Structures are given as structure tokens and as C-alpha cells.
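A.B. asks: Next come a sequence and a model predicted from it.
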Amino acid sequence: MITQRRCVIGMVALMASWGWSHRLMADDTYYGVVASTSKTQIVVKIGTEQLAFIIEKDTEVTLNGASTKLDKIKPGFRVRITAQELGKVRIAKSVAARSPKSRLALERSPWAVADHGYVRLPPGSDGAA
């Protein structure tokens with residue numbers, strides 16, 4: 001027979017484990033400049049630090065709004081990465097890059113240049129300085 005105390009302890013343990021796993025699976029968005037790429041990884045400079053992201057077969061990669069392969073993305077391109085962080089590993093779910101030649105399109109997008117990297121502007125902002 002299950003006592004009320006065991007039931008409460010079990011519910012608390014279940015809620016705690018769900019909360020922990022839910023946080024692990026949350027997607028984060030990163031904005032920065034591509035430092036390097038390989039077949040399975042992209043390294044992005046965000047402010048003063050460089051972060052590495054693993055690229056899987058199902059990762060969506062776009063360049064200037066069009067679908068592309070990772071080898072078309074070069075160092076110096078601006079990038080927005082949506083990724084899951086699992087411990088010390090970041091797995092990219094989508095990579096959206098802008099080439100330096102698309103400066104006008106970038107200035108009118110929700111990305112803005114800042115001294116420390118690229119930041120997201122508030123909704124409704126047109127990106128004009």
C-alpha cells in the first residue's frame with residue numbers, strides 16, 4: 001500500500017526530473033561572426049569568446065535567406081545559430097548566415113552591429129541608426 005508520504009516524494013522527484021530535462025532541451029539563439037567551419041562544426045565569435053557548434057545532417061543551413069551547404073559559409077559572415085546546449089556541447093538546429101556583400105539587407109533586418117558583436121534589436125525596430 002502506497003502511503004501519502006511516498007506519493008508526495010514520488011511526485012516531487014518526477015517534477016524535478018521533468019524540469020531538469022526540459023531545461024536541457026531548450027533552444028538558445030546566438031548571434032556572431034563566423035571564425036571557422038568544417039564538415040561537422042562551425043566556430044562563431046561572439047563578443048570576445050569563440051563558441052563551437054556541432055552541425056548534424058538535419059541542421060538547416062541558409063545563406064542570405066536561401067538554403068545552402070555549410071561549406072558555402074565563410075569566415076567573416078554574420079550568423080544566427082539556434083542550438084541546444086547539452087552539457088558542454090552545443091548542437092546547431094539552424095544556421096542562418098549573411099555574407100558581407102548583403103550589408104543593406106542586413107541593416108534592415110533585426111540584426112544590428114555593435115562593438116561587441118551582433119545583437120538582436122527589439123521587435124518593431126527597423127534597424128535604422
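C.D. replies: Everything's here; your move.
A.B. asks: Quick check: which ranges of this protein have low pLDDT?
C.D. replies: For the chain, residues meeting the criterion pLDDT under 70 lie at 1-26, 102-129.
A.B. asks: all strands of it, in order?
C.D. replies: All strands of the chain, identified by DSSP state E, fall at 27-37, 41-46, 49-63, 66-67, 78-86, 89-98, 111-114, 117-120.
A.B. asks: Can you lay out these as CSV showing mean neighbour count?
C.D. replies: For every residue, glycine as well, the C-beta is placed using N, CA and C. Listed next are the strands of the chain as CSV, based on neighbours: other C-beta atoms under 10 Å:
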stretch, mean neighbour count
strand 27-37, 17
strand 41-46, 20
strand 49-63, 14
strand 66-67, 8
strand 78-86, 20
strand 89-98, 19
strand 111-114, 15
strand 117-120, 16
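A.B. asks: Show me what the nearest residue to R80 once chain neighbours are set aside is bridged to.
C.D. replies: What sits nearest to R80 in space, not counting adjacent residues and going by C-beta to C-beta, 6 or more residues apart in numbering, is A96, at 4.6 Å. Using DSSP bridges, the beta-bridge partners of A96 come out as T62, R80.
A.B. asks: Please name the residues that touch Q50.
C.D. replies: Neighbouring residues of Q50 by C-beta atoms under 8 Å, 6 or more residues apart in numbering: 35, 43-44.
A.B. asks: of all those residues, which comes closest to A83?
C.D. replies: Nearest to A83 among these: V44, at 9.9 Å, using C-beta to C-beta.
A.B. asks: hang on, isn't D71 packed against T40?
C.D. replies: No: look at D71 against T40 with C-beta atoms under 8 Å: they stay out of range, at 11.6 Å.
A.B. asks: mind checking how far I91 is from G76?
C.D. replies: 24 Å (C-beta to C-beta, to the nearest Å).
A.B. asks: related to what we said a few turns ago, against T68, how distant is the residue nearest to R80?
C.D. replies: 10 Å.
A.B. asks: Kindly report the same for A52.
C.D. replies: Distance, A52 to T68, using C-beta to C-beta: 20 Å.
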